[in-house]
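Participant: the sequence and its predicted three-dimensional model are supplied below.
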Amino acid sequence: MSSRIRYCLSGLFLFAVFAVLRPVQAGEERGNSPADSTLRVYYKEVKARLTTPGGLAMCDTLYARAAASGWMQMQAIALCLKLDHFYFKNDRTGILEGVERVQEFCRRHGKPEELRYFYYFAWGSRLITYYTKQNQYNVAVYETRRMLAEAQADDYQRGVADCYRQLANLYLVQNAFEQAYENFRREIDVFEAHGIDDINLPTQYASLAQCALELNLPDTALTALRKGRALNSEQPYQRFTLHKASALYYLKVKDFEKARQYVDSAEMQFRANPSMRLYVPGLRFLKAEYYKTTGQYDEALRVVEESLSDTSRNKTGYLRQTQMKELGDIYWLMGDVRRSAANYREYIHLSDSVRGQEIRNATDDFSGILEIARLQNETKELQLTLQRKRLRNTYLIIGLLGFVLVLGGLLFARVVKLNRRLKASEALVKAQNSHLVAAGEELRLAKESAERASRMKSDFIQNMSHEVRTPLNSVVGFSQVLASKFRDDPAAAEYASIIVSSSMSLLRLVDDVLNVAYLDQAEELPRTDCTAMNDNCHDCVSKTLSQVRPGVTMIFEPSTDDPVVHTNLKRVMQVLQHLLHNAAKFTVEGEIILTYDCLVAERLMRFTVTDTGPGIPPAEQEAVFERFVKLDAFSQGTGLGLPVCRMTALKLGGSLRIDASYTDGCRMILEVPFDLPAEE
């Protein structure tokens, strides 16, 4: 159920991210004097032209004018607008510098109440949101926890609530529903305890309810839904989230009639408001979940297929991974085991890809956290240096003005205070340095362990395959000797031929495994063999003739131009031999034709293997190139042959595909680039 709720709440997470993309607004604390009115007009002009080349200069002008009039809040707004100039361009360096400018300005004035909003706005709505948009979730969590600690120390409750919301949404992305539920609850508790009005509160109740359902707390979910509905929000998206959460609750308690009513109400939000198109995936999920829970599997399939066909929204591997699992679940409930297995296989494949990307992202995130901590330590070391300089200056002033007792006493008190801060800062720096060293060593060991495991896997496959292949060659050779020796004994000859056939199949399996292991590690295959292709194609046909069924003709139509080219002859012949073997295996009557064209101008050889066998259905023409896929579960083979052929073609810089326009059997098209010999 975790992937189901995560997909459902992804719309809420997107809303939480986009909700903070608003530009900062001018405050109303000042009067309507002519100077203030002029600044307000100029502020609107700056905001309208923020992304233009002259936007930064206008921000500086607004700051200077606000400073001249003594309007601190407008100065902070000017700095935030300058930050937004870089934020909307995703300029990381500009964002970091802009956040530091805003926060330094607020700290310099003691972070009064009218400046706290801007201090935490720059931190949460800009820096943390930037990391979230870049999928650097661990860095975002790290920064959010730092912001939470400072907001709690400042007793700035709106900032505390925003931090809990950020943490809840970040935990949703990582499937940590218990932590997400706890942070949504803390956010709502802050709003309720301090009487803070927030336009997004109904959505937060809906999120809390859905997390409660994931944790099997239906009573808690119902309480949250009642509180959310009591707010009577006029926002379409908030009403939709409450309807969606209510529908999921009634599906959970199996009250399908009420669930249907809320599904219809949610759908009405989209019909009445075209602006809701951004959240269509949430509606589709809700409908699919309703149809699946109520046994309307055909309707559920239709909704999931509609989501899959929506290419404008289905851009991430995770969304497609979730939809593949949904299809597998539905087909399983319908009893269609074959389709269910195919979708689960695709889901596992996509899960591996997403998991690998998540591991890489996590590594990058931790590296970013370490980098941030290093920069912070460098800043603190610089501050320590400045503090030491201040101490020296203080001692100098005491020596020069020691005769002034009152002033000397004040300076002495200042020296004592700075000494305490210095010792505390030094202790903090040492503790953080030791933590950084331990974290760096742990990260290095984890990386080495992962690389070592990958190498061991590849070495194991290659060594075991070679060890099996050596005795298997002996089995094949001696079984052929037995077959020739007992030629006059039909029974013994038949048994020997069975041994030869089975041994050859096993040998092909070992070869396929070796090829897969080799190709997985190879970047590209060399093209160093200088040869003409007609004779080699004749050899391929000759080697396959013994496998052709009676009544089937195998033909090679040589190219009229047979230039000498540089290619990888072994790999090209390996692919052609396998394609001919497949054609002979499945063709019971008619003919098999091998031909090729040598396109000198394009430096390309195009081989075609055409047969009159049963062919491959259009829907399966890409699936056969996946590993371990067989259209006929009772046929011999492992399903590695065609994947190995395609991998070989790709490593050679070419391609292997099925001609969909040919319907009298199957036509495989292999395209391989080549190099011409250097002219002497």
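Facilitator: Thanks, I have it. Quantities reported herein were computed from a predicted structural model and do not represent experimental measurements.
Participant: distance between the ends of stretch 629-649?
Facilitator: 19 Å (Cα to Cα, to the nearest Å).
Participant: how about the helices in the stretch 501-650 of the chain?
Facilitator: For the stretch 501-650 of the chain, the helices defined by DSSP state H, counting those that start in this stretch occupy 534-544, 569-586, 641-651.
Participant: for Asp198, find the nearest of the ones you listed.
Facilitator: helix 641-651 (53.3 Å; Cβ to Cβ). Backbone N, C-alpha and C define where each C-beta goes, glycine included.
Participant: do you know how far Leu208 is from Leu436?
Facilitator: Distance check for Leu208 against Leu436: by Cβ to Cβ, to the nearest Å, it reads 36 Å.
Participant: what do you get for Leu83?
Facilitator: 28 Å.
Participant: what of Phe628?
Facilitator: Phe628 is 45 Å from Leu436, by Cβ to Cβ.
Participant: which one's more surrounded, those two?
Facilitator: Ranked by neighbour count (other Cβ atoms under 10 Å), Phe628 and Leu436 place Leu436 first, with 15 against 10.
Participant: mean confidence score for the helix or strand containing the more buried one?
Facilitator: Using DSSP states H and E, Leu436 sits in helix 405-485. In this model, helix 405-485 has a mean pLDDT of 76.
Participant: for it, packing partners?
Facilitator: On a contact count with 3 or more Cβ pairs under 8 Å, 6 or more residues apart in numbering; DSSP states H and E, helix 405-485 meets helix 337-400, helix 490-521.
Participant: I figured Phe556 hits Cys537, correct?
Facilitator: Yes: with contacts counted by Cβ atoms under 8 Å, Phe556 reaches Cys537, the gap being 5.5 Å.
Participant: and the residue lying closest to His194 once chain neighbours are set aside, what does it touch?
Facilitator: Once flanking residues are discounted, His194 sits nearest to Gln157: 4.7 Å by Cβ to Cβ, 6 or more residues apart in numbering. For Gln157, the contact set (Cβ atoms under 8 Å, 6 or more residues apart in numbering) comprises Ala151, Val190, His194, Ile196.
Participant: make it 10 Å
Facilitator: By Cβ atoms under 10 Å, 6 or more residues apart in numbering, the contact set of Gln157 is Ala151, Val190, Phe191, Ala193, His194, Gly195, Ile196.
Participant: name the nearest of the residues you listed relative to Glu426.
Facilitator: Glu426 has its nearest neighbour among those in Ala151, at 26.5 Å by Cβ to Cβ.
Participant: how near is the closest one to Cys163?
Facilitator: Ala151 is 6 Å from Cys163, by Cβ to Cβ.
Participant: who has more neighbours, those two?
Facilitator: Cys163 (29 against 23).
Participant: ok, the more buried one - contacts?
Facilitator: 120, 123-124, 128, 143-152, 156, 183, 186-187, 190.
Participant: equivalent analysis for Glu306, please.
Facilitator: Val280, Arg284, Lys287, Ala288.
Participant: among these, who's most crowded?
Facilitator: Ala288 (27 neighbours).
Participant: so what's that residue up against?
Facilitator: Applying Cβ under 10 Å, 6+ apart, the residues near Ala288 are 4, 7, 296, 299-307, 323, 326-327, 329-330.
Participant: kindly report the same for Cys211.
Facilitator: Cys211 neighbours (Cβ under 10 Å, 6+ apart): 5, 9, 168, 171-172, 177-185, 217, 220-221, 224, 245.
Participant: just send the helices of the stretch 501-650 of the chain back as CSV, with mean pLDDT and distance to Met605 too.
Facilitator: As requested, the helices of the stretch 501-650 of the chain are arranged in CSV below (pLDDT from 0 to 100; distance: least, Cβ to Cβ, whole Å):
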stretch, mean pLDDT, distance to Met605
helix 534-544, 89, 11
helix 569-586, 89, 8
helix 641-651, 87, 11
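Participant: His566 reaches Ala532, doesn't it?
Facilitator: No: with contact defined as Cβ atoms under 10 Å, His566 does not reach Ala532; the gap is 11.4 Å.
Participant: who's more crowded, these two?
Facilitator: Ranked by neighbour count (other Cβ under 10 Å), His566 and Ala532 place His566 first, with 18 against 15.
Participant: can you list residues touching both of Ala151 and Cys163?
Facilitator: The contact sets of Ala151 and Cys163 overlap at Tyr120, Trp123, Gly124 (Cβ under 10 Å, 6+ apart).
Participant: coming back round to it: distance to Gly228 and mean neighbour count added to the helices of the stretch 501-650 of the chain, as a markdown table?
Facilitator: Formatted as a markdown table, those follow (distance: least, Cβ to Cβ, whole Å; neighbours: other Cβ atoms under 10 Å):
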| stretch | distance to Gly228 | mean neighbour count |
| --- | --- | --- |
| helix 534-544 | 70 | 16 |
| helix 569-586 | 60 | 21 |
| helix 641-651 | 51 | 21 |
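Participant: looking at those helices, which is closest to Gln103?
Facilitator: Nearest of the helices of the stretch 501-650 of the chain (Cβ to Cβ): helix 641-651, 51.1 Å.
Participant: remind me what the closest one packs against, helices and strands.
Facilitator: helix 490-521, helix 569-586, strand 655-658, strand 666-673 (3 or more Cβ pairs under 10 Å, 6 or more residues apart in numbering; DSSP states H and E).
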